[in-house]
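Peer 1: this one's structure only:
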Ligand SMILES: [Fe+2]
């Protein structure tokens, strides 16, 4: 709490006082406590089960649906009390101050939504057939007010509690309704379920929220499982990249940049979403086969022997062996295996030519060579982007697919390229002093020697 500024504390205090005063004013006569209790329980369940879909993303809860149902069924004061049930959510994480602020924020937003509903001609109580379609406009207005008030109040606290070096980060964290546009849209989408709950109540009573929200909870659970799976994929790919780059100091960050360049080309040529994601993985893992190449060969200074070239040229096949069983890589496997093929058929490991080379591999080859040229190597400095583009064009049609070179140049011109930092001095082991790579197999300027008998 000590971290919060006086302005932030005053702001939080003002939100809490406003919520308490508005609720305490009532009126409480004629309030249907049955609705308040049932919908309050729904808010508690929603808040206890709020799901964080991705790291850094704001939590996603269906409380807004329950609050909007209460706007229709019990009016502003009842809705504020339902919103205040946020305080009883069982989710771990929020501090006492966060909980107090979230509770006041939801109560105040729900109250304002209730007022908007009445001001726009909405009638508080159980809707019947005659309520439609007249109820839709006041309900939509209430939903907008609820979402805008939530986001507005939260934006205020995020701004006041931001730390100077963290940008929009906050001492209060990112609980509750958030700032992202997508979340705002999802909140508005969820809001529609509030009307459905209120309308169904006249038919099935307190079972209405269950009927409406159980399918949503299940869908959300499935989405959360998917997000977990994505996280596991990222971790797997990240660990393999880390292993490769630990072996080869001068290629640090290379996999990541090849991945970025490949995605730029893929987007430029209009590849569909899942394939763009697959090529991103392919870029990250294209040199994973280096794990199967002796470190002393990867880091050797001076000329490589025929056998050593052969060992390096095995890395696409080794890469395939290593990641073949990882199901989600799918089309990326072809990219990994063939990223050193050349359009003129003089590449390796198979000597494929033209469109025999899988599309992913032709894309990777361009991004791979470009990053190699624009990165520092032990035997030369990084080349300027313009020079690397010239080089890509020079080898276009012999080493690279001209369509992908053109796509990459177009994307580079528009988006630019963040060049890697020149590497600092490597941390050398006792047995391998000054054994840094002398030639980069990705550099089109390096002499190509295809060894036939691997
Ligand atoms: Fe490679």
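Peer 2: Everything's here; your move. Not measured: the values here are computed from a predicted model.
Peer 1: State the distance from the residue nearest to residue 62 when sequence neighbours are not counted to residue 89.
Peer 2: With C-beta to C-beta, 6 or more residues apart in numbering as the measure, residue 46 is the residue that lies nearest to residue 62, at 4.7 Å, once sequence neighbours are left out. Bear in mind the C-beta positions are built from the backbone N, C-alpha and C, glycine included. As judged by C-beta to C-beta, to the nearest Å, residue 46 and residue 89 stand 8 Å apart.
Peer 1: neighbour-wise, which of these two wins?
Peer 2: Neighbour tally, residue 46 and residue 89, criterion other C-beta atoms under 10 Å: the higher count belongs to residue 46, 26 against 22.
Peer 1: which SS class is the more buried one?
Peer 2: Residue 46 carries the three-state label helix when classified by DSSP: H, G, I helix; E, B strand; the rest coil.
Peer 1: packing partners for the longest helix along the chain?
Peer 2: With DSSP state H setting the assignment, residue counts place helix 208-247 as the longest helix in the chain. Judged by 3 or more C-beta pairs under 8 Å, 6 or more residues apart in numbering; DSSP states H and E, the packing partners of helix 208-247 are helix 33-48, strand 51-52, helix 63-84, helix 181-204, helix 254-268, helix 273-285.
Peer 1: list the buried ones in it?
Peer 2: 208-209, 212-213, 220, 224, 227, 233, 236-237, 240-241, 244-245 (16 or more other C-beta atoms under 10 Å).
Peer 1: And stretch 127-146, by the same measure?
Peer 2: For stretch 127-146, a neighbour-count test (16+ other C-beta under 10 Å) marks 127, 131, 135, 138, 139, 140, 141, 142, 143, 145, 146 as buried.
Peer 1: May I ask which helix or strand encompasses the fourth one?
Peer 2: What that stands for is residue 138. Following DSSP states H and E, one finds residue 138 within helix 136-160.
Peer 1: Does anything pack onto that helix? Which helices or strands?
Peer 2: When contacts are defined as 3+ C-beta pairs under 8 Å, 6+ apart, helix 136-160 sits against helix 6-24, helix 63-84, helix 96-119, helix 181-204.
Peer 1: OK, contacts around residue 99?
Peer 2: Taking C-beta atoms under 8 Å, 6 or more residues apart in numbering as the definition of contact, the neighbours of residue 99 are 86, 87, 89.
Peer 1: can you rerun that using 7 Å?
Peer 2: If a contact means C-beta atoms under 7 Å, 6 or more residues apart in numbering, then residue 99 has residue 87 as its contacts.
Peer 1: Next one: it, what pLDDT does it get?
Peer 2: In the predicted model, residue 99 carries a pLDDT score of 86.
Peer 1: and the gap between it and residue 90?
Peer 2: Applying C-beta to C-beta to residue 99 and residue 90 gives a distance of 11 Å.
Peer 1: likewise residue 394?
Peer 2: Taking C-beta to C-beta as the criterion, residue 394 is separated from residue 90 by 64 Å.
Peer 1: quick one, which of these two is more surrounded?
Peer 2: Neighbour totals were compared for residue 394 and residue 90, and residue 394 leads with 14 against 9 (other C-beta under 10 Å).
Peer 1: wait, isn't residue 244 in contact with residue 291?
Peer 2: Yes: here residue 244 reaches residue 291: they are 6.1 Å apart, a contact under C-beta atoms under 7 Å.
Peer 1: Leaving out chain neighbours, which residue sits closest to residue 263?
Peer 2: Residue nearest to residue 263 in three dimensions, not counting chain neighbours: residue 280, with 5.2 Å by C-beta to C-beta, 6+ apart.
Peer 1: which parts of stretch 331-346 are buried?
Peer 2: Of all the residues in stretch 331-346, those buried under the rule 16+ other C-beta under 10 Å are 332, 333, 334, 335, 336, 337, 338, 339, 340, 341, 342, 343.
Peer 1: Lovely, talk soon.
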